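1. I need the structure of the sequence given here:
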Amino acid sequence: MENSRQRRSSASNRLGGRIALTMANDLLFNGEDNVIIDEEYAAATGRSDLSEADGNKDDDDVVESGIDGVIKPDQSTGTSTTPEDVHTKKTTSDAINESTQDGPKMNVVLLFPDDWRHNSIGAENPIIQTPFLDTLAQEGIRFRQNAVTTSICWQSRATLFSGQWASRHQSYKLKCPHFAKGKHWNHTWPALLQRNAGYHVGHVGKWQYHSNNDNRFDWSSYFEGKHWFRKQGKDIAAEDHARNETIRFLNERPKDKPFAVTVAFYPPKPVSNSNVPGGQWTPKNESRAIYNNMTIPEPFNHSKAFKLLPEFLQRDRSAAAARWRFRYSTPFHYQEAMKNIYALITQVDQACKEIVDELKKQGVYNNTMIIFTTDNGMFHGAHGLAGKWYPYQESIRVPLIVYDPRMPKEKRGFVDDAFTLNVDLAETILGAAGLMPDELMQGRDISDLYLPKVENGKPVLVRKPWRDEFFYEFTFMDENYIPSSNALVRKKWKYIDWYAKNHEQLFDLENDPLELNDVKDDPANAEIVKDMRKRMIELRDDLKEPELECDKHGDYSAHAPDLDAIKTLTDSKNETDTR
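-> Numbers count the residues shown, from 1 in each chain. Model (predicted):
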């Protein structure tokens, strides 16, 4: 068993190991919490040359806003040079260019905060005040089991735009975002909406990648890394700045075109690595006051579950354990942190309401799909951990609410427990525009779960049932700081493979939803482990792609007709990009 296990681990890690080596050079020098290279990492690794995050920059250094320029049809580059996967190919390039929708095309607004786990909404946690999101869920549909396929900010965002697992888009490095590179960008939903359906596409807030974004969106305003910005001599909260910029987009858009906009809020993501209780989150006084006199319940597994974790996750140098010490190490730390987080969530909820109010004011609400979701979950002290990354439920599950004007009345307010994933959103957005999915996308249009789509007398879910399992993947460069993992998730069982550590886990999610009791070594579960291991390897191998090389000069222009002809970005140009 030992030798077989080692061979399987080696095979699983073959691609990841090569990627990990190439990640280190660029990733180390990006501060920000989700990059997890900071004072903690410097101390743990002996690196004294690691710079702090850009969060202390003046906002004029991190904001680039205004019109980027309309993408002209002759800038389209057609099909990708990426090899096709016969198992996941969606359609021919000719079919992609055909709209399936008659009449006015639906607008799309994607509300996309950072570091927000699945139950941090009022509908799941009555302590948290999110009245708008609760109302949106009643007017639309909420997917309670929604999850991400990789729980880290930038890889999750690449999946959002590309509709691909990380194994395919391979955007493992902030300075090497393959999904946004030249012809690859033409397979994302923003590019397809522009080129094939005439959409006016905008982006507000966090982008994160180091890339040349000229002509990527028709309208953009990039800013991130702070909870407060200085504008026109006044301080403005980050979510209010995002609201204002989104309303500006809505006012400036051409009124004869359909539109789509991503609103990438930075809060409630932490800023800096302060060990002052609650010091990594800075809400408004009035929203914090809502929670001042409350006592936030600590996780049931806050104090006990840490010792049940694999030994390598308990080590001082382990990222999630180290972050717990900064954020939640005393009851006072925990209370201050969670009250500030909840206050920021309430603020984002209000900003979302005001954006939707503007849609109603402009008379487009009833022809606009509104999606609320987030890039990854957060432990918030569960398992004695902070951060995300690991394939436990608190890390991989995120909220998803969809308001769709096409939705039948009987589906409005419905809570659906189907396994929806962030990889599905690209195809869902294209479907709202009447477009077929791109051939490289690997998800499924979520509207199949609430629109009947009857053909030959059979609804779509009868013709093609929804998934009952999914594959999770996470590759990192430092196995001692954040161990890499794969997982197979089903409704009852979760199998986890910490492949670089030669360690497996199995959890009975029905009877142990907090994942406290690893039952992998129970002889009664031997066949379950064998079956899930085999199935996970099948899914993993089915997703494998030839490794993509990173450009030596880090040139990632949008809509490039010829990668060899792209002018290399200068260092000064790179320095103006947001992180």
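
2. Can you tell me who residue 262 pairs with across the strands?
-> Bridge pairing for residue 262 (DSSP bridges) gives the partners residue 110, residue 203.

3. Neighbours of it, how many?
-> 26 (other CB atoms under 10 Å). Quick note: C-beta positions are derived from backbone N, CA and C, even for glycine.

4. where in the chain is pLDDT low?
-> By pLDDT under 70, the weakly predicted segments of the chain are 1-103, 301, 552-579.

5. Show me the residue at the heart of this structure, geometrically.
-> Nearest to the geometric centre of the chain sits residue 375, at 2.4 Å (CA atoms, centre = their mean).

6. now the helices for the stretch 401-550 of the chain?
-> Assigned by DSSP state H, counting those that start in this stretch, the helices in the stretch 401-550 of the chain fall at 425-432, 460-463, 526-543.

7. what residues does the second one touch?
-> Counting by CB atoms under 8 Å, 6 or more residues apart in numbering, helix 460-463 makes contact with 448-449, 451-455, all of which sit outside it.

8. wait, which of these is closest to residue 523?
-> residue 449 (38.2 Å; CB to CB).

9. and the closest one, how many neighbours does it have?
-> Residue 449 has 20 nearby residues by other CB under 10 Å.

10. ditto for residue 453
-> For residue 453, the tally of surrounding residues (other CB under 10 Å) stands at 15.

11. wait, it sits on residue 445?
-> No: the criterion here is CB atoms under 8 Å, and residue 453 misses it with residue 445 at 9.1 Å.

12. returning to what we had before: widest-spaced pair of the contacts of helix 460-463?
-> Most distant of the contacts of helix 460-463, by CB to CB, are 449 and 455, 16.2 Å apart.

13. rewinding a little: so which of the contacts of helix 460-463 is the closest to residue 413?
-> Taking CB to CB as the measure, residue 413 lies nearest residue 449 of the contacts of helix 460-463, at 14.4 Å.

14. how long is stretch 198-207 from one end to the other?
-> End-to-end span of stretch 198-207 (CA to CA, to the nearest Å): 23 Å.

15. Buried residues, that stretch. List them.
-> By 16 or more other CB atoms under 10 Å, the buried positions in stretch 198-207 come out as 199-207.

16. Could you do stretch 118-133 as well?
-> Going by neighbour count (16+ other CB under 10 Å), the buried part of stretch 118-133 is 118-125, 128-130, 132-133.

17. mind giving me CSV with the helices of the stretch 401-550 of the chain and columns for distance to residue 321 and mean neighbour count?
-> Putting these into CSV (distance: least, CB to CB, whole Å; neighbours: other CB atoms under 10 Å) gives the following:
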stretch, distance to residue 321, mean neighbour count
helix 425-432, 32, 26
helix 460-463, 42, 14
helix 526-543, 26, 16
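
18. now these as TSV including distance to residue 504?
-> Below are the helices of the stretch 401-550 of the chain laid out as TSV (distance: least, CB to CB, whole Å):
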stretch	distance to residue 504
helix 425-432	30
helix 460-463	33
helix 526-543	7
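
19. So for residue 382, which of these sits nearest?
-> It's helix 526-543; of the helices of the stretch 401-550 of the chain, that one is closest to residue 382 (CB to CB) at 23.2 Å.

20. can I get the CA coordinates of the closest one in PDB?
-> What follows is helix 526-543, C-alpha atoms only, in PDB (Å, rounded to 0.1, in the frame of the first residue of the first chain):
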ATOM      1  CA  ALA A 526     -12.500   0.700   2.700                       C
ATOM      2  CA  GLU A 527     -14.600   0.200  -0.400                       C
ATOM      3  CA  ILE A 528     -15.800   3.800  -0.200                       C
ATOM      4  CA  VAL A 529     -12.200   5.100   0.000                       C
ATOM      5  CA  LYS A 530     -11.200   2.900  -2.900                       C
ATOM      6  CA  ASP A 531     -14.100   4.000  -5.100                       C
ATOM      7  CA  MET A 532     -13.700   7.700  -4.300                       C
ATOM      8  CA  ARG A 533      -9.900   7.600  -4.800                       C
ATOM      9  CA  LYS A 534     -10.400   5.900  -8.200                       C
ATOM     10  CA  ARG A 535     -13.100   8.400  -9.300                       C
ATOM     11  CA  MET A 536     -11.100  11.400  -8.100                       C
ATOM     12  CA  ILE A 537      -8.100  10.200 -10.200                       C
ATOM     13  CA  GLU A 538     -10.400   9.800 -13.200                       C
ATOM     14  CA  LEU A 539     -11.700  13.400 -12.800                       C
ATOM     15  CA  ARG A 540      -8.200  14.800 -12.200                       C
ATOM     16  CA  ASP A 541      -6.700  13.100 -15.200                       C
ATOM     17  CA  ASP A 542      -9.600  14.100 -17.400                       C
ATOM     18  CA  LEU A 543      -8.900  17.800 -16.600                       C
END
